[in-house]
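Asker: sequence first, then the predicted structure, then my questions.
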Amino acid sequence: NEELLINSEKLYVAGQLAAGIAHEIRNPLTSLKGFLQLIASGRGNSSNFYDIMKSELIRIESIVSELLMLSKPQVYEFVHKDSRQIMADTVNLLETQAILHNVMIEFHSDYRPLWVLGVENQLKQVFINVLKNAIEAMHNGGVVTITMSLEEESAVLIRIQDEGSGIPDEQLAKIGQPFYTTKDKGTGLGLMVTYKIIDNHQGRISAESKLGVGTTFVIQLPYKEIAVAKAEESDFAL
Ligand code: ADP
Ligand code: MG
């Protein structure tokens with residue numbers, strides 16, 4: 001009985017998500033169709049339409065690729081990784097974008113490796129999503145401070161603090177809901193995907209924010225010491 005209930009809840013959520021996706025993709029499709037009709041009819045200067053059409057196509061593309069992150073079937077390999085390395089790679093990846101927004105990324109971390117058991121690309125996706133939001137929230141530039149440390153030998157603690165616009169209290173509960181965005185060109189999918197990945201990794205994520213001061217995202221991932229893992233493996237072999 002309880003299981004039935006859970007299933008119907010899942011169906012309900014899936015239905016809501018499907019409706020949202022359909023809506024979000026239909027809008028740019030409708031507009032693309034309109035422009036194609038205009039071009040076909042020979043009215044207006046068609047070269048003016050191409051930029052808009054391209055941005056509508058890019059919108060559809062980014063919605064679809066973010067949703068792909070949610071699909072299960074691919075085989076995910078959980079491997080031991082130093083999460084500091086994953087973060088360092090991510091920071092490198094976003095360097096150009098940060099500079100374009102006058103944002104400096106400061107990265108502090110423990111000297112020892114911060115081992116996690118995870119899917120590297122997914123964790124990278126999490127860091128990208130949160131860092132991109134931080135950069136996008138700083139309309140006049142500023143500093144994003146990343147701090148990584150070990151908490152009680154059991155969790156890797158990652159704080160990503162920005163000096164951006166902040167999130168009003170009544171909006172804080174809505175972030176992470178599918179398609180919730182306050183940006184003109186946002187998809188409102190980044191944080192949903194992020195929460196899902198963190199959940200798959202038995203982690204936690206939370207956000208604190210102060211309007212006009214900034215926002216801090218705190219991520220906790222289980223710490224998986226590599227020596228222990230190796231020892232367990234070799235025990236098994238003996
Ligand atoms: P998107 O970035 O496409 O809007 P997200 O799911 O990544 O979608 O974020 C949802 C919303 O959460 C954003 O539109 C923004 O309003 C809010 N948000 C997320 N991170 C921050 C941040 N660091 N500072 C201010 N607002 C944020
Ligand atoms: Mg985002």
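Answerer: Perfect, thanks for sending it. If you're wondering where the values come from, they're calculated on a predicted model, not measured in any experiment. Residues are numbered from 1 along each chain as shown. Ligands and ions are numbered 1, 2, ... in the order given.

Asker: so where's this structure shaky on pLDDT?
Answerer: Low-confidence segments of the chain, defined by pLDDT under 70: 1-7, 9-14, 71-75, 227-238.

Asker: up against ligand 1, what does it have?
Answerer: 129, 133-134, 137, 162, 164-165, 167, 175, 180-183, 186-191, 215 (C-beta under 6 Å from any ligand atom). Heads up, the C-betas are built off the backbone N, CA and C, glycines and all.

Asker: switch the cut-off to 8 Å
Answerer: Taking C-beta under 8 Å from any ligand atom, the part of the chain that reaches ligand 1 is made up of 129-130, 132-134, 136-137, 160, 162, 164-167, 171, 174-176, 180-183, 185-194, 207, 209, 214-215, 217.

Asker: show me the contacts for the residue positioned nearest the centre of the chain.
Answerer: What sits nearest the mean C-alpha location of the chain, by C-alpha atoms, centre = their mean, is residue 129, with 3.2 Å. Shown in contact with residue 129 (C-beta atoms under 8 Å, 6 or more residues apart in numbering): 190, 191, 193, 194.

Asker: please list which of those residues also come close to ligand 2.
Answerer: Filtering the contacts of residue 129 for neighbours of ligand 2 using C-beta under 5 Å from the ion leaves residue 190.

Asker: secondary structure, neighbour count and distance to residue 30 added to the contacts of residue 129, as TSV?
Answerer: Converted to TSV, the contacts of residue 129 look like this (DSSP: H, G, I helix; E, B strand; the rest coil; neighbours: other C-beta atoms under 10 Å; distance: C-beta to C-beta, whole Å):
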residue	secondary structure	neighbour count	distance to residue 30
190	helix	23	24
191	helix	22	27
193	helix	21	25
194	helix	24	29
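
Asker: all helices of the protein, in order?
Answerer: Assigned by DSSP state H, the chain shows helices spanning 2-40, 46-68, 83-100, 120-137, 169-172, 190-200, 226-237.
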